[in-house]
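**Student:** coordinates for the following, if possible.
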Amino acid sequence: MSVVEQALGRVDRLDPALNAFVAVDRQRALTQAADVDAALARGESIGPLTAVPLAVKDTEDTIGYRTTYGSLIWRDAPIAERDSVLVARLRAAGCVVIGKTNTPELAASAETENLLFGATRNPLDPSRTPGGSSGGSATAVRAGMVPLATASDGGGSIRIPASACGLPGFKASLGRIPDGGPRPVDWPALTTRGVLTRTVEELLAVLDVIVGPTRPIYARCPHRLSGGRSRSVGNRCRRASRGAPVSATAGPTRASWRPAEPQSMGWRTSAWRSSRSSASSTQSRTILGRR
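**Tutor:** Alright, predicted model coming up:
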């Protein structure tokens, strides 16, 4: 509970000047934190990210929040009744959602500003932009309001804010992190889910929770057009999979599900092996231990 209260307190102090968050539900976050405390008191194992405060980019469905994409078009969108796969996996691992972060309209700009919520500021220099389109998430993490935030990347929407705010930025291959739930409406065949953290070590620990398929992998769904040309990556597969149940269960970790040559993707590092061998509680302490 105290960890979530501290995060909410930092949001109260810092966000008025930075505008990283578009919605914060204090009572819902405290209730979820209390549930985590009660489970721990009963001796239950919650997950490797127990009580880690989580911010969610406003392109992901999150129970109890609207998904507006930073657009006036969706300002009155219905309240989400289920989490996207990414949010569900993080929540199942023990994360506590405290709010949603700003994004440019339709997640389609390298600066985070829109008519609905205004501009987000860079915590390193509030006169400058944190980049986009995951600028709200980058600001929230870099300012220390939360240690972890969801993000997405089609043409740089994780990597640009990470660079602008001094964070590690990683765009996963298509299909590596599940695509369940709504998508940013830009870059429909290029956008991938992801997260922003403060360090590479934390990023690796979180990847163990969120990678792994729940639906057909795009590369395994070949569809041919007349003349033998391949259809754009996974579009028909994605349409065919819409409406499938969203699983809150984390998929296989990198140890049990990986491409043929994971070494070529830079994941077989000493830090990766260290994070795989650590106990769940150690991973949680790693993410919560820095300020």
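
**Student:** could you list the low-pLDDT ranges of this structure?
**Tutor:** Under the criterion of pLDDT under 70, the regions of the chain flagged as low confidence span 182-188, 215-291.

**Student:** from residue 116, how far out is the closest residue in space to residue 95 that isn't next to it in sequence?
**Tutor:** In space, not counting the residues next to it along the chain, residue 95 is nearest to residue 54; the distance is 4.0 Å by Cβ to Cβ, 6 or more residues apart in numbering. For glycine as for every other residue, the C-beta is placed from the backbone atoms N, C-alpha and C. Separation of residue 54 from residue 116 (Cβ to Cβ, to the nearest Å): 22 Å.

**Student:** contacts for the one helix or strand the residue nearest to residue 95 maps to, please.
**Tutor:** When secondary structure is defined using DSSP states H and E, the element that contains residue 54 is strand 53-57. Identification of contacts with strand 53-57 by Cβ atoms under 8 Å, 6 or more residues apart in numbering yields 3-4, 7, 20-21, 29, 62, 65, 87, 90-91, 95-101, 103, 107, 134, 136-137, 140-141, 145-152.

**Student:** tell me the angle the helix or strand following it makes with strand 53-57.
**Tutor:** Scanning forward in sequence from strand 53-57, with DSSP H and E defining helices and strands, the next element found is helix 85-92. With axes from the mean of the first three to the mean of the last three Cα atoms, to 10 degrees defining the directions, helix 85-92 sits at 170 degrees from strand 53-57.

**Student:** elements contacting helix 85-92?
**Tutor:** Of the remaining helices and strands, those touching helix 85-92 by 3 or more Cβ pairs under 8 Å, 6 or more residues apart in numbering; DSSP states H and E are strand 53-57, strand 148-153, helix 200-210.

**Student:** so residue 1 makes contact with residue 34?
**Tutor:** Yes: Residue 1 is in contact with residue 34 according to Cβ atoms under 8 Å; the separation is 6.1 Å.

**Student:** export the strand holding residue 54 as PDB, just CAs?
**Tutor:** What follows is strand 53-57 as a C-alpha-only set of coordinates in PDB (Å, rounded to 0.1, in the frame of the first residue of the first chain):
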ATOM      1  CA  PRO A  53       2.900   1.100  -9.700                       C
ATOM      2  CA  LEU A  54       1.900   1.000 -13.400                       C
ATOM      3  CA  ALA A  55       0.900   3.800 -15.800                       C
ATOM      4  CA  VAL A  56      -0.900   2.900 -19.000                       C
ATOM      5  CA  LYS A  57      -0.600   4.800 -22.300                       C
END
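
**Student:** who does that strand pair up with?
**Tutor:** Counting by DSSP bridges, the strands paired with strand 53-57 are strand 96-101 (parallel), strand 148-153 (parallel).

**Student:** out of the ones you listed, nearest to residue 71?
**Tutor:** Shortest separation from residue 71 across those is recorded for strand 96-101, at 13.6 Å, computed as Cβ to Cβ.

**Student:** chain center to the helix or strand following the closest one, what's the gap?
**Tutor:** Using DSSP H and E, the next helix or strand after strand 96-101 towards the C-terminus is strand 113-114. Computed by Cα atoms, centre = their mean, to the nearest Å, the separation of strand 113-114 from the middle of its chain amounts to 20 Å.
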